[in-house]
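**Student:** Build me a model:
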Amino acid sequence: MHASALFAGAVARLLCRVDEALGRPPTLDFVDMGAGRGELVTGVLAALPADVAARARGYAVEIAGRPAGLDERITWLSEPPDAITGLLFANEWLDNVPVDVAEVDPAGVPRLVLVAADGTERLGEPVSGADADWLARWWPLPGEEGLRAEIGLPRDLAWAAAVDRVARGLAVAVDYAHTADARPPFGTLTGFREGRETTPVPDGSCDITAHVALDACTAACTSLRTTARTAHTPLDTARTPSDTARALPAARLLTQRAALRALDLTGARPPLTLASTDPSAYVRALASAGEAAELTAPGGLGDFGWLLQPVGIPDPLP
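**Tutor:** Now for the predicted structure:
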């Protein structure tokens, strides 16, 4: 659903707003993080007005190989470009960044959960160091045996590193999310096999995912340091900060429902008068309204979190 033409059109409108905020630069980047088979970046480029499309450069960031038949205008990369002017869009990317799980033992101590290849679990060492600091700030666990948390520090670092690639523009993360006022007491780690939820067994037979603490990711980008790196430095590699720091404006969290409505996607039904004057157009508009309603539905896709981090421009969403 998140690679649909309707969703891609909304993202294209967001890219146009970023373009205006940037002063219509000679080249405008759109970077699709975790691009899958390039469906979203393909749809976004197709939905752009001609004058914007002529300046747009599409990048698909994915560890898998480039799929056959992909639009030649799209550059396929294993990590984002070093200096992005435009929009970096991470759609369901952060939830696939691996995290450790902590569980409270009988003595009330949070310990790392160790998992064998067959899914058997046991408790390991107490959580310590930076992981313990992260838990204390973002997901404190009461001393009740069995309570769990996913330690989101690797996602904070991955997001900060991705935002660090944006020279000017906007970085957006869209994901299943929760915030500090509503953390799930037993975590969200789960697996998916052929589209069905299953036990998260780390044997390569299923995709393993967990919801994202997007509020922690927001704070990770309050102030970034410009780093000395080469084009071959992976995002998850520790980098040495230079003496130059850049302060970023405050990031913003909102629901997908609010974000898409701000991008003129409401799910409103077409007027019934259209059914009598142009039945075919009415049917198309009705189908589009149904899809928009699904994308913005409370309790469903509409509850996805959107994290917006402007870099050198005002927030382009009202």
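**Student:** Show me where the stretch 201-318 of the chain has its strands.
**Tutor:** Along the stretch 201-318 of the chain, counting by DSSP state E, counting those that start in this stretch, strands occupy 207-209, 212-213, 223-227, 241-247, 252-255, 305-311.
**Student:** where among these is the average confidence lowest?
**Tutor:** Among the strands of the stretch 201-318 of the chain, strand 223-227 carries the lowest mean pLDDT, at a mean of 43.
**Student:** ok but A10 is inside a strand, no?
**Tutor:** No. Going by DSSP: H, G, I helix; E, B strand; the rest coil, the assignment for A10 is helix, not a strand.
**Student:** If you tally nearby residues, what's the number for it?
**Tutor:** By other CB atoms under 10 Å, the residues close to A10 number 23. (Each C-beta comes from the backbone N, C-alpha and C, glycine too.)
**Student:** pLDDT weak spots in the chain?
**Tutor:** 1-3, 223-245, 266-276, 278-296, 301-302 (pLDDT under 70).
**Student:** Quick check: R73 touching L48?
**Tutor:** No. Taking contacts as CB atoms under 8 Å, R73 lies outside contact range of L48: 11.0 Å.
**Student:** what about the helices in the stretch 1-150 of the chain?
**Tutor:** 5-21, 39-47, 50-53, 129-138 (DSSP state H, counting those that start in this stretch).
**Student:** of all those helices, which lies closest to T218?
**Tutor:** Evaluated over these, closeness to T218 peaks at helix 129-138, with 10.7 Å, by CB to CB.
**Student:** which residues touch R13?
**Tutor:** R13 makes contacts with 47, 263-264, as judged by CB atoms under 8 Å, 6 or more residues apart in numbering.
**Student:** Now a ChimeraX select for only the buried ones of these.
**Tutor:** To isolate the buried members of the contacts of R13 in ChimeraX, using 16 or more other CB atoms under 10 Å:
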select :47,263
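**Student:** from the contacts of R13, which is closest to V115?
**Tutor:** The closest of these to V115 turns out to be L263 (CB to CB; 39.9 Å).
**Student:** Could you report the separation of the closest one from E194?
**Tutor:** 32 Å (CB to CB, to the nearest Å).
**Student:** now do L157
**Tutor:** 31 Å.
**Student:** of the two, who's got more company?
**Tutor:** L157 (17 against 7).
**Student:** re earlier: out of the contacts of R13, which one sits closest to D131?
**Tutor:** Nearest to D131 among the contacts of R13: L263, at 36.7 Å, using CB to CB.
**Student:** residues touching that closest one, list them.
**Tutor:** Neighbouring residues of L263 by CB under 8 Å, 6+ apart: 10-11, 13-14, 317.
**Student:** From V101, how far out is it?
**Tutor:** The gap separating L263 from V101 is 35 Å, by CB to CB.
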